[in-house]
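**Q** sequence and predicted structure below; questions after.
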Amino acid sequence: MNLTLPVVVGAVLGLGVYTLVRALLPSRRGAVATVARIDALRARGTAYETSPNGDGDAPTGRLDSLRARAGARVADFYVQQGWEQRSLRADLSVLERGWEHFLATKILLGAAGLFFGPLVFVVIWTLGFGSGPIVPLWLALAFAAGFFFLPDLEVRRDAAEKRRDLRRAVGAYLDLVAMNLAGGRGLPEALMAAAEVSDGAALRRIRNTLADARITGTSQWQALGRLGEQLGIDELKDLSASLALVADDGAKVRESLASRAETMRHREMAQIEGSAGEKSQSMLVAQLLLCAGFLVFLIFPAAVRVFQVS
């Protein structure tokens with residue numbers, strides 16, 4: 001029994017290292033993987049770029065080059081397995097971060113967790129707690145899993161905040177489009193003119209999307225719908241559907257945009273009021289706990305004296 005457990009632990013670790021190496025090493029692509037890669041490139045356009053901003057994440061050193069290659073290998077592995085991760089890709093697109101760079105970060109953090117778990121065990125063992133050989137294995141796996149999924153939590157939190165800002169900008173953009181339509185401009189000109197008012201991130205993306213649609217010959221509302229799918233913003237997808245229905249009637253378009261912008265503002269105000277209410281409740285609970293602690297501080301000495309006398 002004393003020899004069996006270390007053998008099993010070593011076999012599991014060796015199998016894990018072998019699987020990781022096989023997944024990261026270049027392999028001969030099959031026909032299915034090649035077709036899947038072509039379809040992914042055709043559907044997403046720039047899904048395999050290292051950065052949406054061009055050269056911002058370009059490899060500048062040996063470590064960056066190794067990180068880029070690792071991210072590319074993991075991205076190919078995701079394609080071969082059919083793991084699309086649409087929600088996570090939408091969050092990364094909102095934050096303007098590259099998919100391969102994100103995967104490389106997850107792999108590196110997971111590898112760091114494999115070494116950090118046994119290090120924690122060494123500290124615990126030095127203090128005199130625990131001595132079984134199975135503990136370092138479970139700690140390594142637990143920390144590796146935690147570190148691997150930690151970037152997902154960070155991305156989803158940051159993307160939720162950025163998406164709220166984008167929704168506010170989209171609401172203002174709809175008002176600007178309605179004003180341009182009221183001024184006598186056509187729908188394509190009104191969409192582009194409203195996007196040229198500011199150089200903010202949201203309007204810049206909308207402006208680039210409309211310019212690309214004009215170059216490729218697709219309708220601007222279809223391009224806005226694809227942008228909404230890419231960023232995970234339902235308001236843009238709904239806007240695309242409504243514009244496709246009433247694109248030929250300027251008055252209906254203007255009324256639809258104005259009502260949609262007003263609805264978005266009411267929804268945002270409701271969310272702000274709900275958030276303020278939650279914060280007020282949290283402050284109330286904190287004040288009650290503080291008062292309870294102060295009462296315990298006042299009553300405790302008297303209670304101790306009473307019980308000591310009795």
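**A** Looks like it came in fine. Numbering: from 1, shown residues only.
**Q** show the average pLDDT along the helix or strand hosting Arg214.
**A** Per DSSP states H and E, Arg214 falls inside helix 201-216. Averaging pLDDT along helix 201-216 gives 87.
**Q** equivalent analysis for stretch 268-275, please.
**A** 77.
**Q** residues of the helix holding Arg214 that come out buried?
**A** By 16 or more other Cβ atoms under 10 Å, the buried positions in helix 201-216 come out as 202-203, 205-207, 209-210, 213. C-beta here means a position set from N, CA and C on the backbone, and glycine is covered the same way.
**Q** the residues you listed: which two are farthest apart?
**A** Ala202 and Ala213 (16.7 Å; Cβ to Cβ).
**Q** of the buried residues of helix 201-216, which is the nearest to Gly171?
**A** Ala202 (10.1 Å).
**Q** and that closest one, what does it touch?
**A** 165-166, 169-170, 173 (Cβ atoms under 8 Å, 6 or more residues apart in numbering).
**Q** if we use 6 Å, what do you get?
**A** Neighbour list for Ala202: 166, 169 [criterion: Cβ atoms under 6 Å, 6 or more residues apart in numbering].
**Q** buried sites along the helix or strand Gly110 falls within?
**A** Following DSSP H and E, one finds Gly110 within helix 99-126. Buried residues in helix 99-126, counted by 16+ other Cβ under 10 Å: 99-110, 113-114, 116-118, 121.
**Q** name the next helix or strand downstream of the helix or strand of the chain with the lowest mean pLDDT, please.
**A** Scoring the helices and strands of the chain by mean pLDDT, DSSP states H and E places helix 31-44 at the bottom, with a mean of 57. Scanning forward in sequence from helix 31-44 by DSSP H and E, the next helix or strand is helix 62-81.
**Q** now the element after that following helix, going C-ward?
**A** Going down the chain from helix 62-81, the next helix or strand is helix 86-95, by DSSP H and E.
**Q** list the helices and strands that following helix packs on?
**A** Packed against helix 86-95 by the contact rule (3 or more Cβ pairs under 6 Å, 6 or more residues apart in numbering; DSSP states H and E) you find helix 134-182, helix 220-231.
**Q** looking at those, which is buried most?
**A** Mean neighbour count (mean count of other Cβ atoms under 10 Å) peaks for helix 220-231 among the helices and strands packed on helix 86-95, with a mean of 20.
**Q** average pLDDT for stretch 89-109?
**A** The pLDDT scores in stretch 89-109 average 87.
**Q** what does it rub up against?
**A** 50-52, 57, 67, 70-72, 74-75, 147-148, 151, 155-156, 158-159, 162-163, 230-232.
**Q** how long is that stretch end to end?
**A** 19 Å (Cα to Cα, to the nearest Å).
**Q** for it, the distance to its chain's centre please.
**A** Between the mean C-alpha location of stretch 89-109 and the chain-wide mean there is a distance of 8 Å, by Cα atoms, centre = their mean, to the nearest Å.
**Q** since we're on Ser65, how many residues are nearby?
**A** Ser65 has 12 neighbouring residues, counting by other Cβ atoms under 10 Å.
**Q** quick check: Gln308 vs Phe300, distance?
**A** Applying Cβ to Cβ, to the nearest Å, the value for Gln308 to Phe300 is 12 Å.
**Q** so between the two, which is more surrounded?
**A** Comparing Gln308 with Phe300 by other Cβ under 10 Å, the one with more neighbours is Phe300, at 10 against 7.
**Q** where does the stretch 51-200 of the chain have low pLDDT?
**A** Within the stretch 51-200 of the chain, the ranges that satisfy pLDDT under 70 run 51-61, 63, 124, 127-135.
**Q** thinking again about what came up before, for Glu84, which of the helices and strands packed on helix 86-95 is the nearest?
**A** Nearest to Glu84, of all the helices and strands packed on helix 86-95, is helix 220-231, at 12.4 Å by Cβ to Cβ.
**Q** and the helix holding Arg214, how far from the chain's centre?
**A** A distance of 22 Å separates the centroid of the chain from that of helix 201-216, by Cα atoms, centre = their mean.
**Q** just confirm Ala178 contacts Leu257, I think it does.
**A** Yes. Ala178 is within contact range of Leu257, at 4.3 Å (criterion: Cβ atoms under 6 Å).
**Q** show me where the stretch 201-310 of the chain has its helices.
**A** Applying DSSP state H, counting those that start in this stretch to the stretch 201-310 of the chain gives helices spanning 201-216, 220-231, 234-246, 250-309.
**Q** please identify which of the ones you listed is closest to Trp83.
**A** For the helices of the stretch 201-310 of the chain, the distance to Trp83 is smallest for helix 220-231, at 17.9 Å, taking Cβ to Cβ.
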